[in-house]
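**Q** Next comes the sequence, and after it the predicted model I'd like to discuss.
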Amino acid sequence: MKLGDFSNLAKDYSKSRPSYNKDIVDTLLKATKKPLDKVIAADVGAGTGIFTKCLLNGGVSNIVAVEPNDEMRKAGEAFLSNKITFIKGSAEHTLLEPEKYDLVTMASSFHWPNTQNAMREFGRILKKGGIFSALWNPRVTERSVSETRIQNILIDKYNLKHRVSSGRSGITTKLTDTLINSGIFRSVIYAESIDIIQRSHKEYIGAWRSVNDIQVQLGKTKFAAFLDDVEKIIREYPYVEVHYLTRAWIAEK
């Protein structure tokens, strides 16, 4: 498995990844300052359409989903029953029309493209006053007893201390400054909210199976051993309590 390649993870990703906090989605949509039926949106790096569905549920109907990976795109089309047009494109090259979009989003994916090139592309396709939002929904593992135990094993036994896609590290540590200093966006708002979800053992293991960066770092054999360790821990609990922190940076062009 290559870093950033979700071709073999699309099924687990679609079934097991969580959604995003509704209040944060509502805050983002209000930032467009337009009636929702007038908002033209592009969800870039849309994957299997999890956040695309959030936009749909929030009242936006005019949406195009942009996803470079064929298997993820196919899973998204099936997940949304072909209600949304999916196209093959990337954050750096969306292939979308210039100055057309009121809203461009990247949910749990803005850490993958070249940041500067992606921002320039979003500046190109956004209308003046349009909104770009980068969102993540990482787990706050220290708030859950079972998750804390699992995280400790990951660090102590498997010596994994760095996450590419954590949403609480990497690009997110200086993202406000990055957006403002780009010269593309005139203002940035940050918002966050936590959802506490009781996940079944099957859902929880499925979510781990959908993770790319840890599988790449550990390799197939060690990752399988890690999943065995996770299963041993969660058997002690009727469910796994997971604290999902939706984090959103909302930038106006």
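**A** Structure's in. What do you need? Residues are numbered from 1 along each chain as shown.
**Q** the strands in this structure, which residues?
**A** Listed in chain order, the strands of the chain (DSSP state E) span 40-44, 62-66, 85-87, 101-107, 126-136, 187-199, 240-252.
**Q** Just put these in a markdown table and tack on distance to Asn114.
**A** (Each C-beta comes from the backbone N, C-alpha and C, glycine too.) Shown next, in a markdown table, are those (distance: least, Cβ to Cβ, whole Å):
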| stretch | distance to Asn114 |
| --- | --- |
| strand 40-44 | 13 |
| strand 62-66 | 15 |
| strand 85-87 | 20 |
| strand 101-107 | 13 |
| strand 126-136 | 14 |
| strand 187-199 | 20 |
| strand 240-252 | 17 |
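**Q** looking at those strands, which is closest to Lys232?
**A** strand 240-252 (12.9 Å; Cβ to Cβ).
**Q** Which other helices and strands does that closest one contact?
**A** For strand 240-252, the packing partners by 3 or more Cβ pairs under 8 Å, 6 or more residues apart in numbering; DSSP states H and E come out as helix 22-30, strand 126-136, helix 145-156, helix 175-181, strand 187-199, helix 201-209.
**Q** Any idea which of the ones you listed gets closest to Glu77?
**A** Closest approach to Glu77 among these is made by helix 201-209 (20.2 Å; Cβ to Cβ).
**Q** List the buried residues in the closest one.
**A** Of all the residues in helix 201-209, those buried under the rule 16 or more other Cβ atoms under 10 Å are 203-209.
**Q** can you put those residues in JSON lines and add pLDDT?
**A** Formatted as JSON lines, the buried residues of helix 201-209 follow (pLDDT from 0 to 100):
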{"residue": "Glu203", "pLDDT": "94"}
{"residue": "Tyr204", "pLDDT": "94"}
{"residue": "Ile205", "pLDDT": "95"}
{"residue": "Gly206", "pLDDT": "92"}
{"residue": "Ala207", "pLDDT": "91"}
{"residue": "Trp208", "pLDDT": "91"}
{"residue": "Arg209", "pLDDT": "90"}
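**Q** which one of the helices and strands packed on strand 240-252 is the most hemmed in?
**A** Scoring the helices and strands packed on strand 240-252 by mean neighbour count under mean count of other Cβ atoms under 10 Å gives strand 126-136 as the most buried, with a mean of 22.
**Q** who touches it?
**A** With contact meaning Cβ atoms under 8 Å, 6 or more residues apart in numbering, strand 126-136 is reached by 20, 24, 28, 31-33, 51, 99-108, 110, 119, 122, 165-168, 172, 175, 179, 185, 246-253.
**Q** Repeat that for stretch 156-174.
**A** Residues contacting stretch 156-174 (Cβ under 8 Å, 6+ apart): 3-4, 108, 110-112, 115, 136-138, 154-155, 178, 211-214, 217-218, 222, 226, 229, 245, 247.
**Q** Quick one: residues contacting the nearest residue to Met119 once chain neighbours are set aside.
**A** Counting by Cβ to Cβ, 6 or more residues apart in numbering, Ser182 is the residue found nearest to Met119 once chain neighbours are left out, at 4.8 Å. Ser182 makes contacts with 116, 119, 123, as judged by Cβ under 8 Å, 6+ apart.
**Q** so who does the last one touch?
**A** Right, Gly123. Listed by Cβ under 8 Å, 6+ apart, the contact partners of Gly123 are 182, 184-185, 253.
**Q** re the thing from before, of the buried residues of helix 201-209, which is the nearest to Tyr237?
**A** For these, the nearest to Tyr237 is Tyr204 (9.8 Å; Cβ to Cβ).
**Q** which residues touch the nearest residue to the closest one once chain neighbours are set aside?
**A** Excluding the flanking residues, the one nearest Tyr204 by Cβ to Cβ, 6+ apart is Val240, at 4.5 Å. Listed by Cβ under 8 Å, 6+ apart, the contact set of Val240 reads 144, 146-147, 198-201, 204, 234.
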